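A.B. asks: Got a predicted structure plus its sequence, pasted below:
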Amino acid sequence: NAGVTQTPKFRILKIGQSMTLQCAQDMNHNYMYWYRQDPGMGLKLIYYSVGAGITDKGEVPNGYNVSRSTTEDFPLRLELAAPSQTSVYFCASSPFSGAAYEQYFGPGTRLTVT
Amino acid sequence: KQEVTQIPAALSVPEGENLVLNCSFTDSAIYNLQWFRQDPGKGLTSLLLIQSSQREQTSGRLNASLDKSSGRSTLYIAASQPGDSATYLCAVRHLPINSGGSNYKLTFGKGTLLTVNP
C-alpha cells in the first residue's frame, strides 16, 4: 500500500515554462487536495477535488490548473511558471465517510522557478 | 476568516524533558483538529486527530487536548527524545457550510520547530 505518491521530488523550471506535478493515491479516497508551503508559512490550499470529474478552487488557485479523470490521480498543472510559484507542493487525500476525514499527505515536490 | 497560530515558533529542550506545544484558532466552529509532524525536506505525518466533540487524544508519548470554546489545542510530548526533533503543525477543519459539504478545508498554522538536544 503506497499511500499518496508524488512525482517528481525536485524540479527546476525557467520562467514561462510549464509542467505537471503528478499525484496518485491507492486508498480509494474520494477527496484529494493540492497545497503549497512557502518557507516559514503554513500550507495553503490550491485546488481540491471531491471525486472524479469534480474539482474546485482553494485559497490560492491563480496560475494553476487541475483535472481529476480517475479516483486515483490528481495532477496539478503550472502554466507559464513564475518565481512566485517557487514552493514545496503537497498532495493529500482523505476518505469520504462519516468518520474522521483525516488527511494523508504525499512526500512533496520541491519546485524552483528561476 | 479562520486563523491558526502556533506558539512558540521554535523550542529547544534537553532530552527527557516534558513539553507542550500550543495552537490557537479564531473561529471555534471547527469539525476537527489535526496535529502533524514534518521532518526537514519531507511530507507531513499525521500524529493525532481530535474531533470537535472530544477533549483529548493520546498516542504513545503524545497527548493532544482540545478546548473548542476557547479556540485552543495543546500537544503534550512526554519524555522527549532527539528523534522527536521536527516541525509540528496543527490544522483545523471547518464545519460544513451546506449539505454539499465544505468540510474539506484544513487551515494550517505556521508550525513549531522543536529541537531536542541529547
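C.D. replies: Received the coordinates, thanks. Numbering: from 1, shown residues only, chains lettered A, B, ... in the order given.
A.B. asks: residues from chain A in reach of chain B?
C.D. replies: A:31, A:33, A:40-45, A:48, A:50, A:58, A:90, A:92, A:94, A:100-108, A:110 (C-beta under 8 Å from any C-beta of the partner chain). (Each C-beta comes from the backbone N, C-alpha and C, glycine too.)
A.B. asks: Phi, psi for A:Pro83 please.
C.D. replies: Torsion angles at A:Pro83 (phi, psi; degrees, to the nearest 10) stand at phi -50, psi -30.
A.B. asks: now swap in B:Asp84 and tell me
C.D. replies: According to degrees, to the nearest 10, B:Asp84 has phi -80, psi -10.
A.B. asks: I figured it hits B:Leu75, correct?
C.D. replies: No - if you go by C-beta atoms under 8 Å, B:Asp84 and B:Leu75 don't touch, sitting 10.9 Å apart.
A.B. asks: Between these two, which has more neighbouring residues?
C.D. replies: For B:Asp84 and B:Leu75, the more surrounded residue by other C-beta atoms under 10 Å in any protein chain shown is B:Leu75, and the numbers stand at 23 against 18.
A.B. asks: Could you check how far that one is from B:Glu56?
C.D. replies: Computed as C-beta to C-beta, to the nearest Å, the B:Leu75 to B:Glu56 distance reads 10 Å.
A.B. asks: And for B:Ile30?
C.D. replies: 15 Å.
A.B. asks: more neighbours, the two?
C.D. replies: Taking other C-beta under 10 Å, B:Ile30 and B:Glu56 do not tie; B:Ile30 has more neighbours (23 against 14).
A.B. asks: in chain B, which spans are strands?
C.D. replies: Secondary structure of chain B (DSSP state E): strands at B:4-7, B:10-14, B:19-25, B:30-38, B:44-51, B:56-59, B:62-67, B:72-77, B:86-94, B:106-108, B:112-117.
A.B. asks: Just send the ones you listed back as TSV, with mean pLDDT and distance to chain A too.
C.D. replies: TSV is the format used below for these (pLDDT from 0 to 100; distance: least, C-beta to the nearest C-beta, whole Å):
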stretch	mean pLDDT	distance to chain A
strand B:4-7	96	7
strand B:10-14	97	11
strand B:19-25	97	11
strand B:30-38	91	7
strand B:44-51	92	4
strand B:56-59	95	10
strand B:62-67	97	13
strand B:72-77	97	15
strand B:86-94	92	6
strand B:106-108	88	3
strand B:112-117	97	10
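A.B. asks: Which pLDDT value belongs to the closest residue to chain B within chain A?
C.D. replies: Proximity of chain A to chain B (C-beta to the nearest C-beta) peaks at A:Gly42, 3.5 Å away. For A:Gly42, the model assigns a pLDDT of 86.
A.B. asks: unless I'm mixing things up, it is touching B:Leu89, no?
C.D. replies: Yes - between A:Gly42 and B:Leu89 there is a contact under C-beta under 8 Å: 6.9 Å.
A.B. asks: so what sits against both of those two?
C.D. replies: Residues touching both A:Gly42 and B:Leu89 (C-beta atoms under 8 Å, 6 or more residues apart in numbering or on different chains): B:Phe108, B:Gly109, B:Lys110, B:Gly111.
A.B. asks: Which of the residues you listed fall in helices?
C.D. replies: Assignment to helices by DSSP state H places none of the shared contacts of A:Gly42 and B:Leu89 there.
A.B. asks: Can you tell me which of those residues is closest to chain A?
C.D. replies: Using C-beta to the nearest C-beta, the shared contacts of A:Gly42 and B:Leu89 come closest to chain A at B:Phe108, 3.5 Å.
A.B. asks: Tell me who's in contact with the closest one.
C.D. replies: Contacts of B:Phe108 by C-beta under 8 Å, 6+ apart are A:Gly42, A:Leu43, A:Lys44, B:Val4, B:Leu89, B:Cys90, B:Ala91.
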